[in-house]
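> My questions concern the predicted model and sequence given below.
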There are 2 protein chains.
Amino acid sequence: MTDEWADSRLDLPRPLPARGRGEALRTELRAAIRSGRLPAGRRLPPSRILAADLGVARNTVADAYGRLAAEGWLETLVGSGTRVAAGRSADAAARTAAEQPTPRLDLRPGHPDLSSFPRAAWSRAQAAALADTPATALGYDDPRGGLELRTTLAGYLARARGVDADPHRIVLTTGFGDGVASVWQLLVREGARRLGVEELSLPPFRRSAEAAGLELVPVPIDEQGADAAGVRADALLVTPAHQFPTGVVLSAERRRALGERIAAGTLVVEDDYDGEFRFDRSPVGALQGLLPDGVVYTGTVSKTLAPGARLGWLVVPERMALPLAELRSETGGAPSVIEQRTLARLIDSGAYDHHVRRMRTLYRRRRDELGMRLDAEGIRSRGIAAGLHVVVELPNGQGEEAVIARAADAGLALDGLAGYAMPGAARRPPSLVVGYGAPTPHLWPAALEALAAVLAHGRPAASRTG
Amino acid sequence: MTDEWADSRLDLPRPLPARGRGEALRTELRAAIRSGRLPAGRRLPPSRILAADLGVARNTVADAYGRLAAEGWLETLVGSGTRVAAGRSADAAARTAAEQPTPRLDLRPGHPDLSSFPRAAWSRAQAAALADTPATALGYDDPRGGLELRTTLAGYLARARGVDADPHRIVLTTGFGDGVASVWQLLVREGARRLGVEELSLPPFRRSAEAAGLELVPVPIDEQGADAAGVRADALLVTPAHQFPTGVVLSAERRRALGERIAAGTLVVEDDYDGEFRFDRSPVGALQGLLPDGVVYTGTVSKTLAPGARLGWLVVPERMALPLAELRSETGGAPSVIEQRTLARLIDSGAYDHHVRRMRTLYRRRRDELGMRLDAEGIRSRGIAAGLHVVVELPNGQGEEAVIARAADAGLALDGLAGYAMPGAARRPPSLVVGYGAPTPHLWPAALEALAAVLAHGRPAASRTG
């Protein structure tokens, strides 16, 4: 019987990634079916066999089979296991099939409202940028990116974020991950060994720092933001304007303390991921503006325009500008010249500021609506009036995983706080990190209601009607 | 007197990069003047002082001062040294000043004719791509890049280069350097230690491999191409279709030997940098097409369209697809979604193939003209009828550096073979690597004449008139 299974023929990459194995497995199975490597009618190995083979939990495989059957890729026949369904193999129609099904409603953090991308303004800027890009600019560029966008950004960042920028210290990137990966490499080449990272932070960039050879040291977070006082590290990665994910702002006292650390020789990498969005007052200027010789400032258009534009920047201390340019000339990563010049034109014309103002109004309204809806349910939320997310403490002793699973069943994608914690981080009450950026304006009210319904679930019936 | 010098105030990054120090120094001095850090009238340190301070040769500094004086940034006064010239500091007009002066004529290899970039077709494709990109595609993308361009490339690469591609094994990059930097990181994570590199090859990518932790082992090159037989390495980086820079093609025998190496477990990274351009016959298909499980195939649009488009790809063995996607999700590097979809549309519409055919005709004609011109001078050139460059052995015992310097004086940029050699590479006769892609059609005849004049320089007067 064994040779009837498509066991070793599945030829799936192993090991699967440490996180998101179920999703990775589904993606690979779809690809194998689409390409014809798994033809219609081919029987798949029993879930326990494939699970053992891939080194994953049996439930992961069983769940992947179940979902792909629901999507029509597989069919499960009583008594004869799971087979590839007819009509899906190597089919041109499958080219357009979504690789990963998107939940109908999405309140995960970190995503702007993509339906608001300023297509008309971008299209005009793009056409004009292409028309007046000289042929010579289309060659192998300065590894920092073209002078045009660097010059425009120097002005924009000074004005909008108080950054002390000079075009020759700006390095254009394809996003935050691209930029900091280069910074980690440079730090390691220069002898840095220990990187302090906020104990709640984004895991992928912790992994890239470790992969570059840095040892990670957790920096405690409290209501005043990051407390680096007791942290022995050569460099620190922090989010002073709006800590991600807790949403607190670095207090004046902690800012001073960080300044002293910098003066004593610690390099700070300032992730200013959503600095344009503060709703209650003028945003706190970038830390970099005070201490340009000790801070690497990073920003992107991922929250203001769209992550898919793949445009970001580093503003680095004078001494790092040339070594970083040299490193980038070896490893690439500069964004397209045409896209660079499109963004420069968008900023120079005022269209970028106009768009940011429009989005600030939209997000502030959503944040207010979310706050009022949660208040009405007696649920507490935390974080300053800024950015695209808020932390919501789960009521009634509910656990993060249970709430996220229940929401998923209702077509609502949610994210918990625990996934951001480094090993050894202080324990927090179970909480959601609720992003209000992602839904289209059309879906926003439904997302808000779905969230309220999910959170109300654990409440005793008496108070629910009260 | 010392305190009158802008010595420590020059605040130049140190150390300067290992290569191109003079150019780096000039760039930094211009930036310092433009930003006002070096105001008009500020006296610069004597060249021997600054040279000692920066750890560079005195000539490097003297030459930089001389050139900047010629460009009007500095002025040299007899008896009182070198000062910043009036009227250049922090001047808005300086924004548009070229950071690096471009020689009028350029015959360095690796550059396509940028004036032939298909602007009209690109503009149409770009507008259409933006119009039909769904909002959801503008979010955080698959770390391999969007499915649309990967699907299009799978078809194109199979058809044009015989590549065995499947969209889920394709990873989009911002160019060759970006892609291979990720491959080096993955190989090191998986335990690879030694990388075989052709003894004549591009230095930046050797440096990125070393920086990732790989030990480089030179692979001898002869008229049959790379000979990896005696090379102990976990992986090999090769240019089988058209060795760079020598221009030879990997012989059938060596191809077989490489296939056996792959079968025995050595990973080959195939750099197919100009595979579309073969003039005398159909190009040899990619090695990857024969052994897709043991070869990482790399390509870009840098030679077919323009380097500034920053679009490239890797086609990787099945087992590397997911680990590489995971790594790229940490380090970024995907090109802009709009640019991805622009290229997909350009290929799907046939405009890309049309452009490649047009450029193939143009480059073949240039190659023929170059060959005839050199023949007329009795100068020998080497390399198969392919790509954008040819190796020209220097006549009359001339040295590479002297010829390059003489050409620079005449406004012609040239490149020598020696700069590509790894330590320990076999000695070659002094040669130029002449690229015929870079000049605009308008400047091509002048570039050809300038080259002929430079090469004729060392010839005895008797034969020059003969």
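Yep, it's here.
> what about the helices in the stretch 151-300 of chain A?
Here the stretch 151-300 of chain A has its helices, by DSSP state H, counting those that start in this stretch, at A:176-189, A:203-211, A:252-263.
> Next: the stretch 1-150 of chain A.
Going by DSSP H, counting those that start in this stretch, the stretch 1-150 of chain A shows helices at A:21-35, A:47-54, A:58-70, A:119-132, A:147-161.
> Could you dump these into TSV with distance to residue B:51, mean pLDDT and mean neighbour count added?
C-beta here means a position set from N, CA and C on the backbone, and glycine is covered the same way. Output for the helices of the stretch 1-150 of chain A, formatted as TSV (distance: least, Cβ to Cβ, whole Å; pLDDT from 0 to 100; neighbours: other Cβ atoms under 10 Å in any protein chain shown):
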stretch	distance to residue B:51	mean pLDDT	mean neighbour count
helix A:21-35	55	78	21
helix A:47-54	60	78	17
helix A:58-70	63	80	18
helix A:119-132	41	96	17
helix A:147-161	27	95	21
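> Distance to residue A:200 added to those helices, as CSV?
Listed next are the helices of the stretch 1-150 of chain A as CSV, based on distance: least, Cβ to Cβ, whole Å:
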stretch, distance to residue A:200
helix A:21-35, 23
helix A:47-54, 31
helix A:58-70, 26
helix A:119-132, 34
helix A:147-161, 23
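> Count the residues that sit near residue A:440.
14 (other Cβ atoms under 10 Å in any protein chain shown).
> Find the residue closest to it in space, skipping its chain neighbours.
The shortest distance from residue A:440 to any non-neighbouring residue, by Cβ to Cβ, 6 or more residues apart in numbering or on different chains, is to residue A:115 (4.2 Å).
> Could you pull up the contacting residues of the one you found?
A:440-442, B:135 (Cβ atoms under 8 Å, 6 or more residues apart in numbering or on different chains).
> Residue A:329: neighbour count?
Counted with other Cβ under 10 Å, residue A:329 comes out at 21.
> For it, which non-adjacent residue is closest in space?
Once flanking residues are discounted, residue A:329 sits nearest to residue A:143: 3.9 Å by Cβ to Cβ, 6+ apart.
> Could you check how far the one you found is from residue A:183?
14 Å (Cβ to Cβ, to the nearest Å).
> Tell me which of the two has more neighbours.
Ranked by neighbour count (other Cβ under 10 Å), residue A:143 and residue A:183 place residue A:183 first, with 27 against 21.
> Check what pLDDT residue A:396 gets.
Per-residue confidence (pLDDT) for residue A:396: 82.
> returning to what we had before: quick one, which of the helices of the stretch 1-150 of chain A gets closest to chain B.
Closest approach to chain B among the helices of the stretch 1-150 of chain A is made by helix A:21-35 (3.6 Å; Cβ to the nearest Cβ).
> where in chain A is pLDDT low?
Within chain A, the stretches with pLDDT under 70 are A:1-20, A:35-36, A:70-71, A:77-80, A:87-102, A:458-466.
> can you list the residues of the stretch 251-400 of chain A near chain B?
A:302, A:306-311, A:318-323, A:325-327, A:329-339 (Cβ under 8 Å from any Cβ of the partner chain).
> switch the cut-off to 6 Å
Residues of the stretch 251-400 of chain A lying close to chain B by Cβ under 6 Å from any Cβ of the partner chain are A:306-310, A:318-319, A:321-322, A:326, A:329-333, A:336-337, A:339.
> Residue A:41: what's it in contact with?
Residue A:41 makes contact with residue A:83 under the criterion Cβ atoms under 6 Å, 6 or more residues apart in numbering or on different chains.
> And the residue most central in space within chain A, how far from residue B:173?
Chain A has residue A:110 as the residue nearest its centroid, 5.2 Å off, counting by Cα atoms, centre = their mean. Computed as Cβ to Cβ, the residue A:110 to residue B:173 distance reads 23 Å.
> got it, and residue A:360?
Distance, residue A:360 to residue B:173, using Cβ to Cβ: 34 Å.
> okay, the two: which has more neighbours?
For residue A:360 versus residue B:173, neighbours defined as other Cβ under 10 Å are more numerous around residue B:173 (29 against 15).
> Run through the residues that contact the nearest residue to that one once chain neighbours are set aside.
Excluding the flanking residues, the one nearest residue B:173 by Cβ to Cβ, 6+ apart is residue B:179, at 3.8 Å. Neighbouring residues of residue B:179 by Cβ under 6 Å, 6+ apart: B:173, B:298, B:312, B:314.
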